[in-house]
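[1] structural data only, the sequence is not supplied:
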């Protein structure tokens, strides 16, 4: 299984608490696939929303393909996500609960097919973000001291 990551959404991990990950396919046009392969994509502001029994991806920017013709795609058009009916129903029910949203975490090619990893997320409060930053800094500090102590032991 060959996987090539094209885009990561690091902002989602900062702004949201990710509760569940789901892999979904995306319905794309030819010029969109070529533009994604060139790495000209931004999923940072994207989100998914259920509509009429389908799941749609909004606010993802896939740049126009420069080698395209008059049938080139619209950069921020809504894109249909390909999931099983049961998965769509489960996600729709969870999103209807207060505070939940679906955000794209990663865009990648798996065996030649474009896939997006979605995260069922709940927005972090400001104090949650501060806790995350403090925990990350303390882990870094512990790593530094362990590395320093290890270096002293061998001298």
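    Sure thing, it's come through. Please read these numbers as outputs of a predicted model, since none were measured by experiment.

[2] okay, now the residue nearest to residue 113 when sequence neighbours are not counted: neighbour count?
    Spatial nearest neighbour of residue 113, chain neighbours left out: residue 25 (6.3 Å); criterion: C-beta to C-beta, 6 or more residues apart in numbering. Bear in mind the C-beta positions are built from the backbone N, C-alpha and C, glycine included. Neighbours of residue 25 under the rule other C-beta atoms under 10 Å: 14.

[3] let me see the contact set for residue 25.
    Neighbouring residues of residue 25 by C-beta atoms under 8 Å, 6 or more residues apart in numbering: 81, 82, 83, 113, 114, 115, 116.

[4] now do the SS call for the last one.
    What that stands for is residue 116. Using DSSP: H, G, I helix; E, B strand; the rest coil, the structure places residue 116 in strand.

[5] do you know how far it is from residue 143?
    Applying C-beta to C-beta, to the nearest Å, the value for residue 116 to residue 143 is 32 Å.

[6] residues in a beta bridge with residue 101, which ones?
    With DSSP bridges applied, residue 101 shows beta-bridge pairing to residue 121.

[7] the residue nearest to residue 113 belongs to a helix?
    No - Residue 25 is assigned strand when assessed by three-state DSSP, not a helix.

[8] from the chain's centre, how far out does stretch 33-47 sit?
    Centre-to-centre, stretch 33-47 and its host chain are 11 Å apart (C-alpha atoms, centre = their mean, to the nearest Å).

[9] go through it and flag the buried ones.
    Residues of stretch 33-47 classed as buried under the neighbour-count rule (16 or more other C-beta atoms under 10 Å) are 33, 34, 35, 36, 40, 41, 42, 43, 44, 46, 47.

[10] against residue 2, how distant is the last one?
    This means residue 47. Distance, residue 47 to residue 2, by C-beta to C-beta: 28 Å.

[11] likewise residue 66?
    For residue 66 relative to residue 2 (C-beta to C-beta), the value is 26 Å.
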